[in-house]
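Engineer: Okay, structure incoming, though there's no sequence with it:
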C-alpha cells in the first residue's frame, strides 16, 4: 500500500494552516460528469452571469471562479483549501524547508520581532545577528504593529536583493542597522545538545524533507559526545507537523522493526494504509536509509517525549506510536488533535487543491481527531502554572472540524464558559499590569521548566506534575 502511495506522489501531515498533505502530479476527477448535480450547476452558472452583468462595477471573471472554488472547499473543514499561485508557492516552501530570506528563527516580544536563533551559515548568521536581538525596522517600515506573518513577508524576497534590518541589542543597549543580502535558506528543523553527562535533548520543530537526515546526524553527534547515554528527551512542543514519511522514520528510530506506527482510513482506496517501522514506509526517493548508522542502543535508551497544545498531526503520530508501544513516557499538555490526512492534487503548474481524504489512527486503533494525545504525565509550562492555557485553540475549537468517527462527541459548554471567564480575567489583569507578561523561556534553555521535569523523570527524581490539568474529551462541532 505504501509503495502505491509513493508512486502517486507523497503524503504529508501538518498544521492547521495546511502543511499536512499528499502531492500528486496529475489532476483526476473522481466522479463522472453524469453524477454531477446539473440543476445546482446551472444555478451556479446563473449566479456567475448575474454577478458579471449586474454587479455595481465590473468584476474579474477569474477571481469569481477562484473565489467560488475557495468557498466550496473552505466549507468542508478547516484543513481543506484551494491553493492559488501565491499560497501554493508558500505551501511548497513550508514542506521543503527552503525559502529565500535572511535566515532567522523568530518570535515576538513587546510587539517586536525577536531573533530566537540565526540559522547556521545563513546571511543573518554571517552578519552577526544574535539570539535575543530585537528587529525594530525592516527597511523603512516600523515593526511595531506588524503581525509576525507580515514581518516575515517583508524579510523574504528575491535572491540577491538587499534588506536593511534595524537591530536593538539589549546586552549592549544600542540600536544599529544591518544590511543583509537575501539568499535561499534551508531551515533547520532539528536541534540537539547534551544537557549534562548521560542526558541529551533533541528537538524536532517540523517534519520536512531534510528532517530525517538532520535527525540522524544530530543523534550521531550526541552519541559521539556521550556513548553511554542514560536518557533522551525528544521535544515535539509546538511542532505543527509536516511530512508523514518523516514522522514514520523518526518513530522507527526508537521502535522494533516492523512495528505499526500509524494507519489511515478514508473513502478512496489509496487512503487505506498501514505504515510500519521499516525503510520501505519512509524512504521516498530510494537511496540509503539515513537511520542505518544509528546505534542499537537507541532502541532501548530511556525516552521522554515532550508535547503541548501546539504539537499537531505528524508530531502526534510520533507521540502516539511511542506511547502505544510503551516505548516512551509522554509528558506535557494534551496535544492539538489534528487526526486527519489531506491530499494535494495539482490542478495546474501553479495551483492545487488540498482536500481531507482520511483520518489517521495510532497503533492501538485510536483516532486522535478533535482529541489529541493525552500525556502520561501532565506538566505545567512553568513552576507557577499555565497562564494562558485556557485560551489556547485546539482542533476541537475550530469551526467545521471533523469528528473522530469513534463515538458521540459532545461540546463541552462548561469549558467554553471557563475559557470566556479566563479571557476576561486575563484582559483585566493585562490592563492593570505595569509591564507585559514575561515570555516563556526558550525551549531547551536552562529555564525550561518542562525539560527540567523530563530530566527528573529520567533520573528517577520527583516530578512536579500539574494538579490542575485534566484530560479534554473530544468535542463535536456545533454550528
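Structural biologist: That came in fine, so what should we check first? Keep in mind that this is a model prediction, so the values were computed, not measured. Residues are numbered from 1 along each chain as shown.
Engineer: all helices of this structure, in order?
Structural biologist: 2-8, 38-54, 61-74, 85-96, 123-126, 148-155, 211-225, 244-254, 314-324, 413-432, 449-459 (DSSP state H).
Engineer: what does the last one rub up against?
Structural biologist: Read that as helix 449-459. Applying Cβ atoms under 8 Å, 6 or more residues apart in numbering, the contact partners of helix 449-459 are 195-196, 199, 201, 230-231, 233, 235, 237, 302, 304, 306, 308, 329, 331-332, 377, 379-383, 441, 443-444, 462-465. For the C-beta atoms, the positions are set from N, CA and C on the backbone; glycine is no exception.
Engineer: Any of those buried? List them.
Structural biologist: Among those, those classed as buried by 16 or more other Cβ atoms under 10 Å are 195, 199, 201, 231, 233, 235, 237, 302, 304, 306, 308, 329, 331-332, 379-381, 443-444.
Engineer: quick one: contacts for the residue nearest to residue 154 when sequence neighbours are not counted?
Structural biologist: Nearest residue to residue 154, sequence neighbours excluded (Cβ to Cβ, 6 or more residues apart in numbering): residue 138, at 4.5 Å. Applying Cβ under 8 Å, 6+ apart, one finds that residue 138 lies in contact with 151, 154, 155, 163, 164, 165, 166.
Engineer: Take the helices of the chain and write them to JSON lines, including mean pLDDT.
Structural biologist: Shown next, in JSON lines, are the helices of the chain (pLDDT from 0 to 100):
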{"stretch": "helix 2-8", "mean pLDDT": "33"}
{"stretch": "helix 38-54", "mean pLDDT": "93"}
{"stretch": "helix 61-74", "mean pLDDT": "91"}
{"stretch": "helix 85-96", "mean pLDDT": "79"}
{"stretch": "helix 123-126", "mean pLDDT": "92"}
{"stretch": "helix 148-155", "mean pLDDT": "88"}
{"stretch": "helix 211-225", "mean pLDDT": "96"}
{"stretch": "helix 244-254", "mean pLDDT": "95"}
{"stretch": "helix 314-324", "mean pLDDT": "97"}
{"stretch": "helix 413-432", "mean pLDDT": "66"}
{"stretch": "helix 449-459", "mean pLDDT": "98"}
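Engineer: And those: which comes nearest residue 105?
Structural biologist: helix 123-126 (9.7 Å; Cβ to Cβ).
Engineer: What lies in contact with the closest one?
Structural biologist: 102, 103, 104, 115, 118, 119, 180, 181, 182, 183.
Engineer: Report the buried residues of it.
Structural biologist: 123, 124, 125.
Engineer: how far away is the first one from residue 210?
Structural biologist: For residue 123, the distance to residue 210 under the criterion Cβ to Cβ, to the nearest Å works out to 19 Å.
Engineer: How about residue 460?
Structural biologist: The gap separating residue 460 from residue 210 is 36 Å, by Cβ to Cβ.
Engineer: first vs last residue of stretch 288-299, how far apart are they?
Structural biologist: With Cα to Cα, to the nearest Å as the measure, the ends of stretch 288-299 fall 20 Å from one another.
Engineer: scratch that, stretch 197-207 is what I was asking about
Structural biologist: 28 Å.
Engineer: Give me the domain ranges for the protein.
Structural biologist: 2-30+39-96, 98-186, 190-342+360-459 (automatic domain parsing).
Engineer: among those, which is the most enclosed?
Structural biologist: Most buried of the domains of the chain by mean neighbour count (mean count of other Cβ atoms under 10 Å) is domain 190-342+360-459; its value is a mean of 19.
Engineer: what's the offset of it from the middle of its chain?
Structural biologist: Computed by Cα atoms, centre = their mean, to the nearest Å, the chain-centroid distance of domain 190-342+360-459 equals 10 Å.
Engineer: how about the strands of the stretch 201-350 of the chain, start to end?
Structural biologist: 231-235, 242-243, 260-266, 273-276, 303-307, 329-332, 340-348 (DSSP state E, counting those that start in this stretch).
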